[in-house]
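>>> Quick one, fold the following:
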Amino acid sequence: MKTEDKHKRIAAYWNERSPLFDEEHDTEDISLWSQELEKVIGLSGEGKILDVGTGTGFLALMLGQLGYEVIGIDLAEKMLELGRKKAGQMELSIVFMQSSCEQLPFPDNSFDAVVNCRVMWTLPEPVQALKEWKRVLKPGGKVISFMRMMPIDSAADYYGEDVELPLRKGERKDYVAAYETAGLTEIAVTELPAQMSRAEDMPSWTMFTGRKAVEEG
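Sure thing, here's the model as predicted:
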C-alpha cells in the first residue's frame, strides 16, 4: 500500500474516533503530568516544542501552559479542530497543523524537543518517524515518548490487515532499539509514577528519551 493511502486510512480512523476521544481518555492528573514534562524538558518554558500525533492536544496544551512555543501535528483534522478549540478557550497560541509524523514540513534544527504520547505503536514506520524527529531537533535536543506498555492484539481493528504496525506488540527493548537505529544518543527508559493516571485497568506510563548529539549541529 502506498504511504499516501496509509495516511488517508489512519486519518479516517482517528477522525471517526474524535467525538469521544477526550471523554474516553479523561483519566490523567494534569498537574502531575505538567511536573513530569517540565522535569524532562528542563527549559523553564523557554523553548520551541513539536508535539507529533498531538490528537486533541493533550501534551501541547500542557506545554503551552508551561510557557513553551508549541506546534502540534496530526493526520486527523477533526482531532486538530478540537485541539484548536481548547487552545482558544485557554487563550493559548498553539499552532495545530495537519501533517504525517514520518515526513515533517520543518527545516533541520528547528525544535528544542519533540514529544509524543501513545503514538509510536500507531506508526507504520516508527524508525523513519524517529529519524525525522531527530532531524528537526536542535543539537542536544530530546525526543520524548510516553507509552503504556501493553500489546495491541489486532492491527486490523485499527487501520486494516494490510497496514503493518511494527511496535503494536513492542516491548521496552524494541522502543530502545528503534531509538538506537534512528541515531539518538543517551537513551533512557523511565517508569513514571502510577498516580499520574486514574486508569486502574491500564499499565502505568513509561517514558523513552533520547538526545540528538551536539556534534550533529
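>>> can we go C-alpha only for contacts and neighbour counts from here?
Will do.
>>> counting contacts, what elements does the lowest-mean-pLDDT helix or strand in the chain pack onto?
One helix or strand of the chain scores below all others by mean pLDDT, DSSP states H and E: helix 3-24, with a mean of 85. If contacts are counted by 3 or more Cα pairs under 8 Å, 6 or more residues apart in numbering; DSSP states H and E, helix 3-24 sits against helix 77-89.
>>> buried residues in the helix it packs on?
Glu77, Lys78, Met79, Leu80, Glu81, Leu82, Gly83, Arg84, Lys86, Ala87 (16 or more other Cα atoms under 10 Å).
>>> what does stretch 67-74 give?
Under 16+ other Cα under 10 Å, the buried positions of stretch 67-74 are Gly67, Tyr68, Glu69, Val70, Ile71, Gly72, Ile73, Asp74.
>>> what sits up against it?
If you take Cα atoms under 8 Å, 6 or more residues apart in numbering as the criterion, stretch 67-74 is touched by 44-55, 57, 60, 63-64, 80, 94-101.
>>> all strands for the chain, in order.
Using DSSP state E, the strands found in the chain span residues 48-52, 69-74, 95-98, 111-117, 137-148, 185-191, 205-211.
>>> any idea of the mean pLDDT in the fourth one?
The average of the pLDDT scores along strand 111-117 is 98.
>>> on that earlier part again, now the contacts of stretch 67-74: which count as buried?
45, 48-55, 57, 60, 63-64, 80, 94-101.
>>> rewinding a little: kindly calculate the angle that the least confident helix or strand of the chain makes with helix 77-89.
50 degrees (axes from the mean of the first three to the mean of the last three Cα atoms, to 10 degrees).
>>> In this protein, which residue is most central in space?
Centroid-nearest residue in the chain: Asn116, 1.5 Å away (criterion: Cα atoms, centre = their mean).
>>> my guess is it contacts Gly57, does it?
No. Here Asn116 does not reach Gly57: they are 10.3 Å apart, not a contact under Cα atoms under 8 Å.
>>> remind me which residues of the chain are low pLDDT?
Applying pLDDT under 70 to the chain flags residues 153-157, 217.
>>> 80 instead, please
Low-confidence segments of the chain, defined by pLDDT under 80: 1-2, 5, 24, 151-162, 216-217.
>>> Bridged to Gly72, which residues?
Here Gly72 sits in beta bridges with Asp51, Phe96, as judged by DSSP bridges.
>>> Any figure for the gap between it and Thr56?
9 Å (Cα to Cα, to the nearest Å).
>>> Over to Ile30?
15 Å.
>>> Look at the two and report which has more neighbours.
Comparing Ile30 with Thr56 by other Cα atoms under 10 Å, the one with more neighbours is Thr56, at 27 against 15.
>>> show me the contacts for that one.
Asp22, Met79, Leu80, Glu81, Leu82, Gly83, Arg84.
>>> go again using 6 Å as the cut-off
Residues near Thr56 by Cα atoms under 6 Å, 6 or more residues apart in numbering: Met79, Leu80, Leu82, Gly83.
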